[in-house]
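**Q** please find the sequence and the predicted model below.
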Amino acid sequence: MRHQPAATRQLNISKKKKKKLADAPKRSAYGAPADDTDFRKTYDLDEYAARGREREAREKAEAKARYEARLSGKKHPAATLTGSETFATARRTTLDVASQVGKKQLVPAGAGVGRRGRGAGFYCEACDLTFKDNKQLVEHYNSTQHLIKTGHKPHVQRATAAEVRARIDTLVARREELKREDTIDLGHRLRLRQEEQRREDEDKRRRRREDAEARKRLRDEEKRAKAEYGDDVRIEGEHDEDDMMAQLGISGFGGSKKKAIFDTFVLFPPKAANDALPDITVKGLEVVRKASRVYLEAYTSVLLVDQSVLESYYGRPVIVADREMVESNSDEILRDAQTLDVAFLVVGDPFGATTHTDLVLRAKELSIAVRTVPNASILSGIGACGLQLYNFGQTVSMVFFTDSWKPTSFYDRIKENRSIGLHTLVLLDIKVKEASLENLARGRAIYEPPRYMTVGQCARQMLDVEADRREKVYGPDSLAIGAARVGSETEKFVAGTLEDLCTADQELGRPLHSLVLLGDRTHELEADFARQFALDKEKWARLCPS
């Protein structure tokens with residue numbers, strides 16, 4: 001028998017298999033004929049075509065409704081749910097959490113990793129993380145991340161009383177902040193902001209008093225020690241400067257004059273009244289030129305001279321002190337005032353604002369000597385309108401009215417003045433670097449443009465209050481004098497009734513303005529002098545009470 005190669009045998013077998021398979025009937029893997037497709041799902045084409053047309057019609061109708069709503073300025077309502085939309089299924093089993101109480105379980109490492117933000121599950125407000133079950137939450141509570149976020153430290157440390165108080169203050173402040181966030185009413189938020197500012201100011205004053213008392217106790221102890229042991233006793237820190245100079249071989253720092261604490265003073269000199277540079281007194285000018293720092297207060301009044309002109313005239317740089325600096329950062333103004341001369345310039349009367357008085361009291365608490373150099377102000381300059389100063393009663397202020405704030409305390413003061421026939425000087429409001437109510441409530445350092453009240457605005461507000469109160473303190477025919485830029489080269493006076501002064505702003509010109517309401521005891525000379533400023537001289541002579 002002839003032996004065939006293996007490759008040839010395999011080829012012959014393959015041909016036989018192919019022929020056998022070709023002759024066999026074709027069947028599927030499940031034993032059914034290959035052309036049997038009855039097991040496949042069939043679709044009703046007409047039914048699905050109808051569904052498609054219905055959906056297309058609904059989409060067109062909804063698009064048309066949205067377009068019409070947008071044209072009419074309305075918001076198209078969302079489609080109403082029919083109940084067939086099921087987005088989640090309810091839990092069918094109850095979690096048996098109660099049976100796990102008191103038991104210990106091992107929580108796998110990494111279980112305390114949550115998702116950022118609030119969501120379904122257990123939420124940690126301190127870390128802003130959400131966990132899917134309570135085991136993850138427990139693991140997270142014991143993590144370093146959570147301990148640091150909640151103010152804990154990784155190591156054990158005994159807290160002092162001061163740290164406990166600071167922590168309590170922090171928690172109280174956080175709670176108050178959450179309350180403010182929940183408050184929607186702007187007026188309420190503004191009152192909260194003002195109350196917070198008041199507490200901060202009281203806390204600053206308390207700390208200053210405590211520091212001043214501590215320094216006073218130290219000085220008293222030094223005096224008692226010297227009284228008991230004599231002047232040769234060495235007080236700690238008393239001779240440090242002398243020792244340093246002796247070691248360096250010099251006689252002093254920065255000059256031969258050695259200052260003591262009471263040789264330095266804060267000055268309130270030139271009430272650089274109005275826009276004439278020579279209005280500063282000779283004494284005030286000497287003080288300014290010798291001062292190490294010169295501040296110009298710029299919110300209770302306005303200086304009608306450019307800052308660069310003042311600096312050129314004084315020969316010293318001038319630092320403009322706004323409301324925020326004077327009221328909240330007075331420590332900077334008083335810095336090193338025990339050893340340096342500091343001048344604080346005020347436009348007008350130096351003690352015309354309670355803020356200035358408070359600044360002097362703070363200086364006293366720090367053992368800083370204070371010296372006042374007086375000058376002219378509107379209280380003395382208003383005599384240029386012809387009215388005698390001793391015929392003036394209480395001075396009042398008029399502020400800008402708002403829709404929700406119209407104070408009328410000035411009305412009662414004018415009533416008291418007119419009851420005894422005295423004139424009333426009305427100082428008009430100015431708004432320089434002032435924040436709006438909204439920005440103030442939100443704590444934003446955004447300021448409104450400067451505004452200056454005019455005589456016309458003041459007269460209209462006065463008449464509005466009289467119309468509300470109806471006590472006949474004054475009226476449209478009451479005589480008054482409008483004053484503008486008193487003491488300057490462009491000084492201007494206009495006299496007439498309150499009704500006339502409502503439209504006299506053009507005659508008076510640019511700010512600053514003031515107003516004087518005449519009393520019933522007007523002297524004949526006063527009436528004659530003021531008549532030269534009258535808009536209608538015959539009307540003035542007829543109505544003047546003299």
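**A** The structure has been received and is ready for your questions.
**Q** which residue ranges make up the domains of this structure?
**A** If you go by automatic domain parsing, the domain ranges for the chain are 109-149, 258-375, 380-543.
**Q** now those domains as CSV including mean neighbour count, distance to Ser72 and mean pLDDT?
**A** No exception for glycine: its C-beta is placed from N, CA and C like everyone else's. CSV is the format used below for the domains of the chain (neighbours: other C-beta atoms under 10 Å; distance: least, C-beta to C-beta, whole Å; pLDDT from 0 to 100):
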stretch, mean neighbour count, distance to Ser72, mean pLDDT
domain 109-149, 15, 37, 79
domain 258-375, 18, 49, 73
domain 380-543, 17, 32, 89
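**Q** in TSV, list those along with distance to Glu200.
**A** Listed next are these as TSV, based on distance: least, C-beta to C-beta, whole Å:
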stretch	distance to Glu200
domain 109-149	26
domain 258-375	8
domain 380-543	12
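**Q** minimum distance to Lys74: which of the ones you listed has it?
**A** Shortest separation from Lys74 across these is recorded for domain 380-543, at 29.1 Å, computed as C-beta to C-beta.
**Q** what about that closest one, how long is it end to end?
**A** 26 Å (C-alpha to C-alpha, to the nearest Å).
**Q** next up, phi/psi of Ser380, please.
**A** For Ser380, the backbone dihedrals are phi -100, psi -30 (criterion: degrees, to the nearest 10).
**Q** now do the contacts for it.
**A** Leu389 (C-beta atoms under 8 Å, 6 or more residues apart in numbering).
**Q** if we can go back for a sec, of all the domains of the chain, which one comes closest to Asp44?
**A** domain 109-149 (40.5 Å).
**Q** all strands of the stretch 351-500 of the chain, in order?
**A** 369-372, 396-398, 424-428, 430-431, 451-452, 479-484, 492-497 (DSSP state E, counting those that start in this stretch).
**Q** rounded mean pLDDT for the helix or strand that Arg206 is a member of, please.
**A** Using DSSP states H and E, Arg206 sits within helix 186-229. The pLDDT scores in helix 186-229 average 76.
**Q** okay if I get the strands of the stretch 351-500 of the chain as TSV plus distance to Leu71?
**A** Putting those into TSV (distance: least, C-beta to C-beta, whole Å) gives the following:
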stretch	distance to Leu71
strand 369-372	71
strand 396-398	50
strand 424-428	51
strand 430-431	44
strand 451-452	42
strand 479-484	55
strand 492-497	56
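**Q** relative to Glu286, which of those strands is closest?
**A** Across the strands of the stretch 351-500 of the chain (criterion: C-beta to C-beta), the nearest stretch is strand 369-372, sitting at 12.0 Å.
**Q** partner strands of that closest one, parallel or antiparallel?
**A** strand 265-268 (parallel) (DSSP bridges).
**Q** could you export the helix or strand just after the partner strand as PDB, keeping only the C-alpha atoms?
**A** Counting by DSSP H and E, the element after strand 265-268 in chain order, helix or strand, is helix 282-290. This file holds the C-alpha atoms of helix 282-290, laid out as PDB (Å, rounded to 0.1, in the frame of the first residue of the first chain):
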ATOM      1  CA  VAL A 282      -0.300 132.700  61.900                       C
ATOM      2  CA  LYS A 283      -0.200 130.400  64.900                       C
ATOM      3  CA  GLY A 284      -1.900 127.600  62.900                       C
ATOM      4  CA  LEU A 285       0.500 128.000  60.000                       C
ATOM      5  CA  GLU A 286       3.500 127.700  62.300                       C
ATOM      6  CA  VAL A 287       2.100 124.500  63.800                       C
ATOM      7  CA  VAL A 288       1.400 123.000  60.400                       C
ATOM      8  CA  ARG A 289       4.900 123.700  59.200                       C
ATOM      9  CA  LYS A 290       6.500 122.100  62.300                       C
END
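**Q** paired strands for the next helix or strand after helix 282-290, with orientation please.
**A** For helix 282-290, the following helix or strand on the C-terminal side (DSSP H and E) is strand 293-297. Strand pairing for strand 293-297, determined by DSSP bridges: strand 319-321 (parallel), strand 342-345 (parallel).
**Q** nearest to Asp133, of those?
**A** Using C-beta to C-beta, the nearest of the strands paired with strand 293-297 to Asp133 is strand 319-321, at 60.0 Å.
**Q** now do His140 against Asp403, distance only.
**A** 50 Å (C-beta to C-beta, to the nearest Å).
**Q** again with Ala484
**A** In terms of C-beta to C-beta, Ala484 sits 28 Å off from Asp403.
**Q** same question for Lys216.
**A** 50 Å.
**Q** hey, what's Leu427 bridged with?
**A** Ser397, Ser514.
**Q** residues in contact with it?
**A** 378, 395-398, 514.
**Q** same check, this time on Arg215
**A** For Arg215, the contact set (C-beta under 8 Å, 6+ apart) comprises Ser367.
**Q** Gly421 versus that one, what's the distance?
**A** For Arg215 relative to Gly421 (C-beta to C-beta), the value is 52 Å.
**Q** still on that earlier bit, including distance to Val455, could the contacts of Leu427 go into JSON lines?
**A** Formatted as JSON lines, these follow (distance: C-beta to C-beta, whole Å):
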{"residue": "Ile378", "distance to Val455": "14"}
{"residue": "Thr395", "distance to Val455": "16"}
{"residue": "Val396", "distance to Val455": "14"}
{"residue": "Ser397", "distance to Val455": "14"}
{"residue": "Met398", "distance to Val455": "10"}
{"residue": "Ser514", "distance to Val455": "8"}
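**Q** return the closest of those with respect to Arg51.
**A** Closest to Arg51, out of all of these and judged by C-beta to C-beta, is Met398, at 76.0 Å.
**Q** so how far is Asn391 from the nearest residue to that closest one once chain neighbours are set aside?
**A** In this structure, Met398 finds its nearest non-sequential neighbour in Cys458, 4.8 Å apart by C-beta to C-beta, 6 or more residues apart in numbering. According to C-beta to C-beta, Cys458 stands 21 Å off from Asn391.
**Q** and for Ala61?
**A** Ala61 is 83 Å from Asn391, by C-beta to C-beta.
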